[in-house]
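>>> here is a sequence together with a model predicted from it:
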Amino acid sequence: MEDERIIELFWQREEAAIGEAEGKYGSYCRSIAYHILGSDADAEECLNDTWLHAWQSIPPARPARLRLYLGRIARNLAFDRYQHNTAQKRGGSSLPLVLEELEECLPAPNDVEQQTDLRALTESVGDFLRQQSPRNRRIFVQRYFHAAPVRDIARECGLREGHVSVLLSRMRKQLRTHLEKEGWNDET
């Protein structure tokens, strides 16, 4: 079923919208949640919450790209669940490593003003990604948006793990340089 039709079902408050969305994007959203959480049970709970949040937010939202909209919901819920789990000392995913890798590129939010600049920083990272090749952009997003393991990214792209690791390292260095040119550094 086309995304526009699924969104229309949500707008008409037809419960079939959830089933259609789950059928089309369930494995995608589950993959995002699993990569962040590292637990089938937590990923499944997150997935169920994704459909609830979609039901509650459409309407009034009318997403232009349903896949990205649902993926963002699943990702945010997974991050929330991850924080909850680690607060209770029940981690077990690769998220700390993923965040540590990006930490060297991004300025630390050390005051309220810098935290309010998050939107501009996001736009700057988006500009950087638009300069990358489609393959490199996909690798970067898989690693740092979906928290996918390097092994899975390599398999999906038909590359060796070492090659993917080197690409990610180079892109992090390029991102750091890009952000510094844009005025994003630890002193700002």
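It's in.

>>> what helices or strands is the helix or strand where Leu175 lies leaning on?
Element membership for Leu175 (DSSP states H and E) is helix 161-181. On a contact count with 3 or more CB pairs under 8 Å, 6 or more residues apart in numbering; DSSP states H and E, helix 161-181 meets helix 95-103, helix 118-130, helix 134-144, helix 150-157. Placement of C-beta: from N, CA and C, glycine included.

>>> which residues of this structure score low on pLDDT?
87-119, 185-188 (pLDDT under 70).

>>> could I get the helices and strands packed on helix 161-181 as JSON lines with distance to Ser57 and mean neighbour count?
Below are the helices and strands packed on helix 161-181 laid out as JSON lines (distance: least, CB to CB, whole Å; neighbours: other CB atoms under 10 Å):
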{"stretch": "helix 95-103", "distance to Ser57": "24", "mean neighbour count": "14"}
{"stretch": "helix 118-130", "distance to Ser57": "20", "mean neighbour count": "13"}
{"stretch": "helix 134-144", "distance to Ser57": "23", "mean neighbour count": "18"}
{"stretch": "helix 150-157", "distance to Ser57": "29", "mean neighbour count": "16"}
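
>>> possible to save these as TSV with distance to Leu37?
Listed next are these as TSV, based on distance: least, CB to CB, whole Å:
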stretch	distance to Leu37
helix 95-103	8
helix 118-130	23
helix 134-144	16
helix 150-157	15
